[in-house]
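J.: Make a model of this:
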Amino acid sequence: MELKDLQPAAGSRKARKRLGRGPASGTGKTAGRGMNGQHSRAGGGKRAGFEGGQTPLARRLPKLPGFTNINHTEYVPVNVSRLEEKFEAGATVDGESLVAAGIIKHADALVKVLGDGEITKALTVKVDKVSASAQKKIEAAGGKVELPC
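T.: Alright, predicted model coming up:
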């Protein structure tokens, strides 16, 4: 076998359709485009997403999903298990002490204490919000919750 003997498998190659090459070709004259109308002309047809002059779906929908509630308040969550591991018994938990312990980044951030985990130390918690389960656990350990700070 030589290089000149190589050829594609039978039926794997198909000749392209030669349009507008006379009436005998089967695709002469109108070249398969029909008689008149938008699609028969050069540059004819509609762009993707065109809806006949109606405002397209892509423009009727909002630019971004959902919406942002302008009255939403974001709290930094802190679980009682973190208070247990970072604070000694009798300590006061507030913004400055949470920053010093490395739990939050900014002392003026709004903090909500959540009830995940267990607490055995009596702590005085002075934060913006405390969940009901966290308050029960803190008070059961002998601590107290002062709201708001």
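
J.: Contacts only, for residue 30.
T.: Shown in contact with residue 30 (CB atoms under 8 Å, 6 or more residues apart in numbering): residue 40. Quick note: C-beta positions are derived from backbone N, CA and C, even for glycine.

J.: Quick one: classify the residue nearest to the spatial centre of the chain as helix, strand or coil.
T.: Centroid-nearest residue in the chain: residue 65, 8.9 Å away (criterion: CA atoms, centre = their mean). At residue 65 the chain is in coil, as set by DSSP: H, G, I helix; E, B strand; the rest coil.

J.: Now do it, the pLDDT please.
T.: Residue 65 is assigned 84 on the pLDDT scale.

J.: Summarise which helices and strands the longest helix along the chain is packed against.
T.: Longest helix of the chain, by residue count under DSSP state H: helix 132-140. Where contact means 3 or more CB pairs under 8 Å, 6 or more residues apart in numbering; DSSP states H and E, helix 132-140 is packed against helix 80-86, strand 111-114, strand 144-145.

J.: And for the nearest residue to residue 75 once chain neighbours are set aside, the neighbour number?
T.: Spatial nearest neighbour of residue 75, excluding adjacent residues (CB to CB, 6 or more residues apart in numbering): residue 112 at 4.0 Å. The tally of other residues near residue 112 (other CB atoms under 10 Å) stands at 16.

J.: what sits against residue 112?
T.: 75, 76, 77, 78, 127, 128, 129, 130, 131.

J.: what ranges do the helices span in the protein?
T.: Shown for the chain, the helices assigned by DSSP H span residues 57-60, 80-86, 95-100, 132-140.

J.: Need the winner for burial among those helices.
T.: Comparing those by mean neighbour count (mean count of other CB atoms under 10 Å), helix 80-86 ranks first with a mean of 19.
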